[in-house]
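> Here's a sequence, model it:
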Amino acid sequence: MRILDVGCGINKYPGAIGIDRNPASRADVICELDHFPYPFADRTFDQLRAIHVIEHLSDVIRAMEEFHRLVRTGGRVRIETPHYTDFSSFCDPTHKHHLNSFSFRYFGENHGGFGYYSAAKFREISVRVKTLSLWRWLGFEFLINRFPRFRRFWEHYLCYVVRGKAMEFEFEPLGPAVPAGGPASLSGTP
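Reported below is the predicted structural model:
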């Protein structure tokens with residue numbers, strides 16, 4: 001199984017090819033993660049991991065298009081990022097985006113009418129929200145993750161009190177590879 005660890009840092013996933021912009025990391029390939037395309041052919045990987053990386057990138061849509069290009073149909077894209085209500089989302093000045101559990105809906109069937117942002121489409125396999133320990137012990141984390149309607153209710157009304165900590169997403173790319181910045185992208189540059 002070929003795995004790409006995007007923004008691997010010093011904790012590269014075992015057996016993966018790591019890319020990072022920092023020469024002090026354990027990356028196999030040093031490249032600027034905001035410059036597309038990455039130096040790999042279309043559909044090279046079975047799995048892509050972007051663990052606490054997407055919030056640092058300048059353009060989430062172009063990054064998702066690049067992830068779509070790199071992972072074969074039937075493969076998996078795993079993204080982890082802080083929930084925007086966690087203090088860690090805002091205490092790191094290198095975070096450019098503050099996301100919630102519905103932030104990637106534009107790439108799926110339930111795009112809320114905003115499916116024109118990109119031609120890259122993904123099937124959502126799973127979304128898991130982690131909460132602070134107190135809320136986990138009180139059962140909120142279970143309810144948020146077990147019942148999609150409760151997750152929506154939580155995001156709309158409760159998340160500023162029952163704060164999220166981090167989110168884990170798993171997606172499967174659908175359709176042909178879409179080049180980052182392709183014709184359906186709103187980024188303005190090909």
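> pLDDT of the helix or strand harbouring residue 62, averaged?
Per DSSP states H and E, residue 62 falls inside helix 60-70. Model confidence over helix 60-70, given as mean pLDDT, is 96.
> So which elements touch it?
Helix 60-70 is packed against strand 45-51, strand 121-131, with contacts defined by 3 or more Cβ pairs under 8 Å, 6 or more residues apart in numbering; DSSP states H and E. The C-beta positions use only the backbone N, C-alpha and C, and glycine is treated the same way.
> Tell me which residues of the next helix or strand after the last one come out buried.
Reading on from strand 121-131 to the C-terminus, the next helix or strand found by DSSP H and E is helix 133-137. Along helix 133-137, these residues count as buried under the neighbour rule (16 or more other Cβ atoms under 10 Å): residue 135.
> Show me what helix 133-137 packs onto, helices and strands only.
If you count contacts as 3+ Cβ pairs under 8 Å, 6+ apart, helix 133-137 packs onto no helix or strand.
> Now do the helix or strand just after that helix: distance to the chain's middle.
Secondary structure here is assigned by DSSP H and E; on that basis, the next helix or strand after helix 133-137 toward the C-terminus is helix 140-146. On the basis of Cα atoms, centre = their mean, to the nearest Å, helix 140-146 sits 20 Å off its chain's mean C-alpha point.
> Equivalent analysis for stretch 63-83, please.
Distance, stretch centre to chain centre, for stretch 63-83: 7 Å (Cα atoms, centre = their mean).
> Start and end of it, how far apart?
Criterion Cα to Cα, to the nearest Å; first-to-last residue distance in stretch 63-83 is 18 Å.
> returning to what we had before: buried sites along the helix holding residue 62?
Buried residues in helix 60-70, defined by neighbour count with 16+ other Cβ under 10 Å: 60-70.
> Which residues are in contact with residue 153?
Contacts for residue 153 (Cβ atoms under 8 Å, 6 or more residues apart in numbering) come out as none.
> Quick check: it vs residue 140, distance?
Distance check for residue 153 against residue 140: by Cβ to Cβ, to the nearest Å, it reads 11 Å.
> From the chain's centre, how far out is the lowest-mean-pLDDT helix or strand in the chain? Work that out for me.
The helix or strand with the lowest mean pLDDT-type score in the chain, counting by mean pLDDT, DSSP states H and E, is helix 87-91 (a mean of 93). A distance of 17 Å separates the centroid of the chain from that of helix 87-91, by Cα atoms, centre = their mean.
> Likewise for stretch 89-108?
A distance of 8 Å separates the C-alpha centroid of stretch 89-108 from that of its chain, computed with Cα atoms, centre = their mean.
> For it, which outside residues touch it?
54-58, 60-61, 64, 68, 79, 81-84, 111-112, 114-115, 117-118, 120-124, 127, 129, 151-152, 155, 159, 164, 167, 169, 171.
> before we move on, what about stretch 11-27?
With Cβ under 8 Å, 6+ apart, stretch 11-27 has contacts from 1-10, 28-33, 38, 45, 49, 51.
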